[in-house]
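J.: no sequence for this one, just the structure:
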């Protein structure tokens with residue numbers, strides 16, 4: 001991953017595929033010297049609810065966390081329709097929809113509908129593959145960006 005792809009509280013994987021949240025990025029002269037400070041998982045964690053420690057890892061050891069149906073369900077998304085190979089999830093009164101396009105590549109079609117004060121309704125569709133991409137879109141449209149990426153003790 002590149003430093004400009006990361007925001008605070010993004011979920012990422014380390015080189016051992018352990019899940020962490022980003023709490024800081026220290027830009028170095030190059031990727032070998034750029035560090036990411038992450039919260040180390042200790043059981044179930046969501047935005048500081050339980051004790052945690054931090055660790056510093058090189059950015060070249062950080063990988064994006066693929067978006068999965070399990071992560072969506074843990075994060076409050078409800079499955080709305082089922083069919084052969086069809087998975088559609090919604091949240092926030094139906095203003096956020098995700099449709100699984102390719103389970104092999106973790107490709108999802110994200111549709112967000114939002115009405116802002118003093119403006120018309122805004123709608124956007126985009127493809128997402130990773131949890132941090134979904135988090136960025138939710139933040140952009142002022143939705144709750146809390147994503148629970150793992151069950152207790154995982």
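T.: Right, received. Where do you want to start? Note that the coordinates shown come from a computational prediction; the quantities given were computed from them, not determined experimentally.
J.: host element of residue 108?
T.: strand 107-115 (DSSP states H and E).
J.: buried sites along that strand?
T.: Using 16 or more other CB atoms under 10 Å as the test for burial, strand 107-115 gives 108, 110, 111, 112, 113, 114. To be clear about C-beta, it is placed using only N, CA and C from the backbone, and glycine gets the same treatment.
J.: then stretch 5-15?
T.: In stretch 5-15, counting by 16+ other CB under 10 Å, buried: 5, 6, 9, 10, 11, 12, 13, 14.
J.: quick one: distance of it to the chain centre.
T.: A distance of 8 Å separates the centroid of the chain from that of stretch 5-15, by CA atoms, centre = their mean, to the nearest Å.
J.: measure that stretch end to end?
T.: 17 Å (CA to CA, to the nearest Å).
J.: quick one: residue 12 and residue 66 touch, right?
T.: No - with contact defined as CB atoms under 8 Å, residue 12 does not reach residue 66; the gap is 11.1 Å.
J.: gap between the residue positioned nearest the centre of the chain and residue 147?
T.: In the chain, the residue lying closest to the centroid (CA atoms, centre = their mean) is residue 131, at 2.4 Å. Going from residue 131 to residue 147 by CB to CB, to the nearest Å gives 6 Å.
J.: of the buried residues of stretch 5-15, which belong to helices?
T.: Of the positions in the buried residues of stretch 5-15, not one sits in helices, assigned by DSSP state H.
J.: how about those in a markdown table, adding pLDDT and distance to residue 36?
T.: Putting these into a markdown table (pLDDT from 0 to 100; distance: CB to CB, whole Å) gives the following:
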| residue | pLDDT | distance to residue 36 |
| --- | --- | --- |
| 5 | 87 | 11 |
| 6 | 86 | 7 |
| 9 | 85 | 13 |
| 10 | 89 | 10 |
| 11 | 88 | 12 |
| 12 | 89 | 7 |
| 13 | 89 | 11 |
| 14 | 85 | 9 |
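J.: quick check, nearest of the residues you listed to residue 91?
T.: Nearest to residue 91, judged by CB to CB, of the buried residues of stretch 5-15 is residue 11 at 16.6 Å.
J.: thank you kindly, that will do.
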